[in-house]
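*Asks:* Sequence and predicted model, in that order:
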Amino acid sequence: MMHKIYKYSLILVTGAALTLQGCSKEYFDELSTNPNQVSEATLPALLSTTTAKAGLNTFTVGSNIAPYVQYTANPAASSASDIYETIDFTGMWDALYFAMADVNELKKQAVKQGSSEYLGVANVLMAYNLMMVNNLWGAAPFSEAFNASNFTPKYDSDQALHTASLTLLDEAITELGKTTATIKLAAASDLIHAGDRTKWLKTAQGLKARILIKTSKTTTFNASSVLTAVGSSYSSNADDAGMATFVLRNNWATVSRNNASLTLGGWLSEQFVDHLNGKTYGLFDPRIKKITDVTVVPGNPSYPQYIGTVNGAGNRTNGSFNNTTKDENYISFNSPWTSDTSPLLIMTFAELKFIEAEAALATDPSRAYTAYLAGIRANMDKLLVPASERDAYLADARVAVGAANLTKDLIFKEKYVATYLNPEAFNDARRYDFKYKDFTLPQNAVLSTFIRRIDYPLGERSKNGTNVPAGVARTTKLWWDQ
């Protein structure tokens, strides 16, 4: 049954001060004297807040990077998000740091009360939010980020943040491996795993595998470490980490419903649609029927069909930009991925299997091939693709290539579908150098190459400008993307 939260911000933690734009000493004085302000939140209240925000931040980041990996496109030509123009992401930065501030309070309370389970979850959630900050901007405040007396924290390097995230996950694995906690997770307050310690442990291992595979282009990469983490993580779709508690509905479903009400959002990119509809690979992927609704234009004999919007070019078919003619494809609230009650997926078993396939490819092709097929199957099952269509796709010679013929290209081709709308897709695209078949720069792009990061937000530059790295172009690669 879906629960509802009417206030996601159950507590505002003073440790967020230095990274949150517009904060001041007076703001914190008010917190300390306001009789209606919670002075010390309970562990269950903090767990509810932090797990909710992890899901909401997954949507926020996922929606902002979706045009960069060409899952979505804008119906208006030369939209800033499509053509790599600078965008002020102050809101996203704030959301991530507010979440980490609340997690920091959860961690302090867990230590104070001696709960290994809450401490483990706090470390997982901190690592997850920090990873998203690190992957978007590179260097950012962390080691000094929760000192309320420091409003201009230093920036830790992008590699230092990677190391800190990994350390948090290792600490989480240690704490969640303990079975003697006197204070157990409150199931009703845990909006991701309903108080299941073992699932949190698996998620910690899965995120560790994710962060380790991300270094595949570096000299520090260790495939065996990835596979060790994989082996201790998810074993089925039932283990997936997702947040499905909303004030009204899944955020993507809101995008879709707004689209139906003529709000121009949620249009699917030609790149993604052609990836699935048979145009790019000559093979129709039945998952498209579970992701979007087929277009039907009365009186037009070329419909029904699946057709996407070209990034940077805008709506190419009706030219009116009013979305009254459903002649291109959109995010669907009829999809198991983006329905009203669908969870905002943080990590899935399907993604884990593709991580395994990539890590094992060089040394154990048989294991890699088994994992590759399992990833496709898991993703199709998650999308409720009929078994007959799923099995036919898996049996096709262009998919069932055999262990000896499995390539990194095939793994990334399938993982691109499995990570639809997930923030991790941007990391994969960058370390794969955007080499998806027929993947091209958006029309009217302001950069000559694919985007590799986003600009530091205006709010942060105005409050902490002396520490914000200067002159970092959107084409500058992060340390793991060299």
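*Replies:* The structure has been received and is ready for your questions. Numbers count the residues shown, from 1 in each chain.
*Asks:* Please, where are all the helices along the stretch 301-450 of the chain?
*Replies:* 349-360, 365-382, 387-395, 408-418, 424-431 (DSSP state H, counting those that start in this stretch).
*Asks:* between these, which gets nearest to residue 164?
*Replies:* Smallest distance to residue 164 across the helices of the stretch 301-450 of the chain (Cβ to Cβ): 17.0 Å, for helix 424-431. To be clear about C-beta, it is placed using only N, CA and C from the backbone, and glycine gets the same treatment.
*Asks:* Mind giving me the packing neighbours of the closest one?
*Replies:* Packing contacts for helix 424-431, counted by 3 or more Cβ pairs under 8 Å, 6 or more residues apart in numbering; DSSP states H and E, involve helix 43-65, helix 408-418.
*Asks:* got the buried residues for the last one?
*Replies:* Put plainly, it is helix 408-418. 410-418 (16 or more other Cβ atoms under 10 Å).
*Asks:* need those in JSON lines with pLDDT, can you?
*Replies:* Converted to JSON lines, those look like this (pLDDT from 0 to 100):
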{"residue": "410", "pLDDT": "98"}
{"residue": "411", "pLDDT": "98"}
{"residue": "412", "pLDDT": "98"}
{"residue": "413", "pLDDT": "98"}
{"residue": "414", "pLDDT": "98"}
{"residue": "415", "pLDDT": "98"}
{"residue": "416", "pLDDT": "98"}
{"residue": "417", "pLDDT": "98"}
{"residue": "418", "pLDDT": "98"}
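*Asks:* Just send the helices and strands packed on helix 424-431 back as CSV, with distance to residue 219 too.
*Replies:* As requested, the helices and strands packed on helix 424-431 are exported to CSV (distance: least, Cβ to Cβ, whole Å):
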stretch, distance to residue 219
helix 43-65, 27
helix 408-418, 18
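*Asks:* as a whole number, average confidence for the helix or strand hosting residue 461?
*Replies:* Assigned by DSSP states H and E, residue 461 falls within helix 458-463. For helix 458-463, mean pLDDT is 96.
*Asks:* Could you do stretch 144-152 as well?
*Replies:* The average pLDDT within stretch 144-152 is 94.
*Asks:* For residue 267, give the beta-bridge partners.
*Replies:* On the basis of DSSP bridges, residue 267 is bridged to residue 73, residue 330.
*Asks:* how far away is it from residue 436?
*Replies:* Applying Cβ to Cβ, to the nearest Å, the value for residue 267 to residue 436 is 19 Å.
*Asks:* ok, those two, which is more surrounded?
*Replies:* residue 267 (25 against 20; other Cβ atoms under 10 Å).
*Asks:* roughly how far apart are that one and residue 347?
*Replies:* Following Cβ to Cβ, the distance that separates residue 267 from residue 347 is 26 Å.
*Asks:* returning to that earlier point: which of the buried residues of helix 408-418 lies closest to residue 247?
*Replies:* Closest approach between these and residue 247, by Cβ to Cβ: residue 418, at 28.1 Å.
*Asks:* show me what contacts that closest one?
*Replies:* Going by Cβ atoms under 8 Å, 6 or more residues apart in numbering, residue 418 touches 348, 350-351, 354, 375-376, 378-379.
*Asks:* Serialize those to CSV and add fields for distance to residue 423.
*Replies:* Listed next are the contacts of residue 418 as CSV, based on distance: Cβ to Cβ, whole Å:
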residue, distance to residue 423
348, 13
350, 16
351, 11
354, 16
375, 18
376, 21
378, 19
379, 17
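*Asks:* ok, of those, which one's closest to residue 441?
*Replies:* Out of these, the member with the shortest distance to residue 441 (by Cβ to Cβ) is residue 354, at 25.4 Å.
*Asks:* separation between that closest one and residue 284?
*Replies:* With distances taken as Cβ to Cβ, residue 354 is found 21 Å from residue 284.
*Asks:* Looking at these two, which has the bigger crowd around it?
*Replies:* Shown here are residue 354 and residue 284; by other Cβ under 10 Å, residue 354 has more neighbours (28 against 17).
*Asks:* State the distance from the closest residue to that one other than its chain neighbours to residue 294.
*Replies:* Nearest non-adjacent residue to residue 354, counting by Cβ to Cβ, 6 or more residues apart in numbering: residue 415, 4.0 Å away. Residue 415 sits 25 Å away from residue 294, taking Cβ to Cβ as the criterion.
*Asks:* same thing with residue 367?
*Replies:* Counting by Cβ to Cβ - residue 367 and residue 294 are separated by 37 Å.
*Asks:* looking at the helices and strands packed on helix 424-431, which is closest to residue 477?
*Replies:* helix 43-65 (15.8 Å).
*Asks:* what's the offset of the closest one from the middle of its chain?
*Replies:* 11 Å (Cα atoms, centre = their mean, to the nearest Å).
*Asks:* what mean pLDDT does it have?
*Replies:* 98.
*Asks:* closest one to residue 201 among the helices of the stretch 301-450 of the chain?
*Replies:* Comparing those by Cβ to Cβ, helix 349-360 comes nearest, at 13.9 Å.
*Asks:* got the angle between the closest one and helix 365-382?
*Replies:* Here helix 349-360 runs at an angle of 170 degrees relative to helix 365-382 (axes from the mean of the first three to the mean of the last three Cα atoms, to 10 degrees).
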